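S.K.: I would like the atomic coordinates for the input below:
(2 chains)
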There are 2 protein chains.
Amino acid sequence: MSDPALVTIPARRGKAARVKQGQIVKVINTHGDQVVDTWAFNADDLNEFMSMEHTRPHIMKIMPAVGDAMLTNKRRPILTFIEDTSGGVHDTIISACDRYRYKFLGVEGYHDNCTDNLQAAMGELGLAAPETPCPLNLFMNIPVHADGSLSFEPPVSTAGSYVALRAEMDLVIAFSACPQDILPINGVGHLPTEAHFSVD
Amino acid sequence: MSDPALVTIPARRGKAARVKQGQIVKVINTHGDQVVDTWAFNADDLNEFMSMEHTRPHIMKIMPAVGDAMLTNKRRPILTFIEDTSGGVHDTIISACDRYRYKFLGVEGYHDNCTDNLQAAMGELGLAAPETPCPLNLFMNIPVHADGSLSFEPPVSTAGSYVALRAEMDLVIAFSACPQDILPINGVGHLPTEAHFSVD
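M.R.: Down below sits the predicted model:
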């Protein structure tokens, strides 16, 4: 890869970009502990989008790895994992956080959240997401234990580690640097930070 | 429970019903090996519906059990598991089958599928589902292995075993007796059958 310009996903905020088929999206965990909720929509039809529940029966895994293609809700490849220096721990089973989640967690008033960040990021491109698909939560560490229980754990990724994804169609990619500061999902310090991406 | 009328979910087909808050929906695996894809929509706002990805971080399990409430995409309880004689193996991570899935599996021409069954069942009530949420796949056996891999296994349920769910709001419930006859998800004989439910 050459060295394309880095785009900032601001701490607690979203960012979206248009990507052409064949381009590589590199998502960098700049400070090492930041979960990045990730969505991808077919640029020609936003109602077709990357779907965790359609991807899992295709890859026959709970978590994608290098070589795996993520599928849309029409079961077409949209993004393929081509490189991963983060330790390979990502989540496909937890919804984007939203105002209801923070209310449940005891927050009074507004709290930044990935659901609103998705819409704000799409809005900057003059677009609107037709719904909030279950995101690909890059770097998010939700082990499924042998008894089927789940836990929220800090990322295993390190500062500067990244995932590279190849676009399999013209698409709109959207990210949210998850603003979760109550559970330790963004590290034991519970501190949301910025992250970065490039499109090359 | 009294002995309310049984409603048939025909083999390979869908069926929906209106349910009042507090009523009990009993879903019976009549012949023992049938997966029943299940959806629930808020009767007053079909855009609010039972969501697997919102339920998992609430119950902190990959699979609900007696006592667990399923949440909507607004994180409100919609159905609570109150009884389960089926062995307790259900799936929350696999999308409803659709025409794209059967094409991928090598089927030529039309194949019955749970996605179309949802719309047909809602249509019988004069309603339309706003999308196809990831279903609660009752009796479906998708183990998550220690290495994160998945497999499609026959149900562990037995003929006449059932799940009872309490409605936590006025809702529309929809079922599809999954027509999957290529993978052994409806038993080693791959034979889709009818199932039944009651609302009491």
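S.K.: Looking at strand pairing, list the partners for A:T8.
M.R.: Per DSSP bridges, the residues bridged to A:T8 are A:H196.
S.K.: ok, it to B:H145 distance?
M.R.: From A:T8 over to B:H145 the distance is 38 Å, taken as C-beta to C-beta, to the nearest Å. Every residue, glycine included, has its C-beta placed from N, CA and C.
S.K.: swap in A:I82?
M.R.: For A:I82 relative to B:H145 (C-beta to C-beta), the value is 25 Å.
S.K.: between those two, which one's more packed in?
M.R.: A:I82 (16 against 13; other C-beta atoms under 10 Å in any protein chain shown).
S.K.: Can you tell me the SS state at that one?
M.R.: Put simply, A:I82 is strand when judged by DSSP: H, G, I helix; E, B strand; the rest coil.
S.K.: quick one, what contacts it?
M.R.: A:I82 makes contact with A:I24, A:V66, A:G67, A:A164, A:L165, A:R166, according to C-beta atoms under 8 Å, 6 or more residues apart in numbering or on different chains.
S.K.: and if we set it to 7 Å?
M.R.: A:I24, A:V66, A:A164, A:L165, A:R166 (C-beta atoms under 7 Å, 6 or more residues apart in numbering or on different chains).
S.K.: so what's the nearest residue to A:T193 once chain neighbours are set aside scoring on pLDDT?
M.R.: Of all residues not flanking A:T193 in the chain, A:H31 sits nearest, at 4.3 Å (C-beta to C-beta, 6 or more residues apart in numbering or on different chains). pLDDT for A:H31: 96.
S.K.: cool, and A:N47?
M.R.: A:N47 is assigned a predicted lDDT (pLDDT) of 97.
S.K.: correct me, but it touches A:A128?
M.R.: No - the pair A:N47 and A:A128 fails to qualify as a contact (C-beta atoms under 7 Å) at a distance of 11.3 Å.
S.K.: that older thread, from chain B, how far out is the residue nearest to A:T193?
M.R.: Separation of A:H31 from chain B (C-beta to the nearest C-beta, to the nearest Å) stands at 24 Å.
S.K.: Pretty sure that residue sits against A:L191.
M.R.: No - here A:H31 does not reach A:L191: they are 8.7 Å apart, not a contact under C-beta under 7 Å.
S.K.: ok, and does the longest helix seen in chain A reach over to chain B?
M.R.: Secondary structure assigned by DSSP state H gives helix A:114-124 as the longest helix of chain A. No - on the criterion C-beta under 7 Å from any C-beta of the partner chain, helix A:114-124 is out of touch with chain B, staying 9.5 Å away.
S.K.: higher neighbour count, A:N47 and A:A128?
M.R.: Using other C-beta under 10 Å, the more surrounded residue of A:N47 and A:A128 is A:N47, with 13 against 10.
S.K.: Report the buried residues of stretch A:173-192.
M.R.: Using 16 or more other C-beta atoms under 10 Å in any protein chain shown as the test for burial, stretch A:173-192 gives A:173-181, A:184-187, A:192.
S.K.: any bit of the helix or strand bottoming out on mean pLDDT in chain A sitting next to chain B?
M.R.: Here the helix or strand of chain A ranked lowest by mean pLDDT, DSSP states H and E is helix A:99-104, holding a mean of 95. Yes - shown here: helix A:99-104 in contact with chain B (C-beta under 7 Å from any C-beta) through A:Y100, A:R101, A:F104.
S.K.: Would you mind listing the buried residues in that helix?
M.R.: Buried, per 16+ other C-beta under 10 Å, within helix A:99-104: A:R99, A:Y100, A:R101, A:Y102.
S.K.: how about low-confidence regions in chain A?
M.R.: Residue ranges of chain A with pLDDT under 70: A:1-3.
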